[in-house]
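A.B. asks: sequence unknown, structure follows:
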């Protein structure tokens, strides 16, 4: 069975956990400019995915 459904995940903690999951295929990430600043401030040495 080939399940190719797409869906949105919302909420800070749910999104962070989904991004950490190596088995999840991330197609696109939507975020606000403020969230982007917070992510970069909290993880300055990690490779950016944005």
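C.D. replies: In hand now; what should we look at? What you see is a predicted model; the values in this text were computed from it and never measured.
A.B. asks: Centre of the chain to the helix or strand bottoming out on mean pLDDT in the chain, how far?
C.D. replies: For the chain, scoring each helix and strand by mean pLDDT, DSSP states H and E identifies helix 33-42 as the least confident one, at a mean of 83. Mean-position distance between helix 33-42 and its chain equals 12 Å (CA atoms, centre = their mean, to the nearest Å).
A.B. asks: With stretch 16-32 instead?
C.D. replies: 3 Å.
A.B. asks: Quick one: end-to-end distance for that stretch.
C.D. replies: 15 Å (CA to CA, to the nearest Å).
A.B. asks: Now do it, average pLDDT.
C.D. replies: Averaged across stretch 16-32, the pLDDT comes to 88.
A.B. asks: count of residues packed around residue 5?
C.D. replies: Using other CB atoms under 10 Å, residue 5 has 4 neighbouring residues. The way it works is simple: take the backbone N, C-alpha and C, and place the C-beta from them, glycine included.
A.B. asks: now it: how far from residue 25?
C.D. replies: As judged by CB to CB, to the nearest Å, residue 5 and residue 25 stand 12 Å apart.
A.B. asks: Where do the helices of the chain begin and end?
C.D. replies: Assigned helices in the chain, in chain order: 12-20, 33-42 (criterion: DSSP state H).
A.B. asks: With that, I have no additional questions.
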